[in-house]
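Q: Show me the folded form of this:
(one chain, ligands or ions: 1)
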Amino acid sequence: MPTISKSINDALNAQIALELSSAHLYLSMSAYSASQNLPGAAHWLRLQWTEELAHGTKFIDYIGERGGSVTLGAIDEPVAEFDSLTDLFEQVLQHEQKVTAAINEIYGLCVSEKDYVSQALLQWYANEQVEEENSASEVLSMLRRAGDSGAGILMVDRHLAQRAGG
Ligand code: OFO
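A: Numbers count the residues shown, from 1 in each chain. Model prediction:
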């Protein structure tokens, strides 16, 4: 007997597809960056890819712990071409804002259904989204400052190469 409601189970399944679509998007962005000789951005985005896979699998494990059922939805085809690194990071930020809205929506559902355990999980994701939006905004403001300067963009790329983790 599952201990999560069908509506929350369904919402979490949809969120898994969104997290895995995020992973796919960042992998595509990483490949694009590598093709533009921006190894730092490629590295940063590759790490983001692994984070998104972890976000997806954390939901999968949680549904399992609550006796629910995991149904994997389709993964969106990612964008493969960008006008510039700035354009790419604008899309990262917009994407993360969309994910934040989706997390908040599920959080609200858990509140309305008084599912306190799921609320605790969603709180973790909500905090994670603050971090994700902040780091995308930070990179974006560095890129905007660099503008069209090739030297400036290379400096940002070197900064992105320092990202630890994975
Ligand atoms: Fe999973 O946080 Fe980005 O999408």
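Q: Residue numbers of this protein in contact with the ligand?
A: Applying CB under 6 Å from any ligand atom, one finds that the chain approaches the ligand through E19, S22, E52, H55, E96, V99, E132. Where you see a C-beta, it was placed from the backbone N, CA and C, and this is true even at glycine.
Q: Need the pLDDT of the first one.
A: For E19, the model assigns a pLDDT of 98.
Q: which helices and strands sit right next to the one helix or strand it maps to?
A: For E19, the element it lies in under DSSP states H and E is helix 6-35. Packing partners of helix 6-35 (3 or more CB pairs under 8 Å, 6 or more residues apart in numbering; DSSP states H and E): helix 39-65, helix 85-112.
Q: same for whatever helix or strand comes next after the longest one, what does it pack against?
A: The first helix or strand that comes after helix 85-112 along the chain, using DSSP H and E, is helix 116-146. Packed against helix 116-146 by the contact rule (3+ CB pairs under 8 Å, 6+ apart) you find helix 39-65, helix 85-112, helix 150-161.
Q: avg pLDDT for the last one?
A: It stands for helix 150-161. For helix 150-161, mean pLDDT rounds to 97.
Q: what angle separates that helix from helix 116-146?
A: Orientation note: helix 150-161 sits at an angle of 150 degrees relative to helix 116-146 (axes from the mean of the first three to the mean of the last three CA atoms, to 10 degrees).
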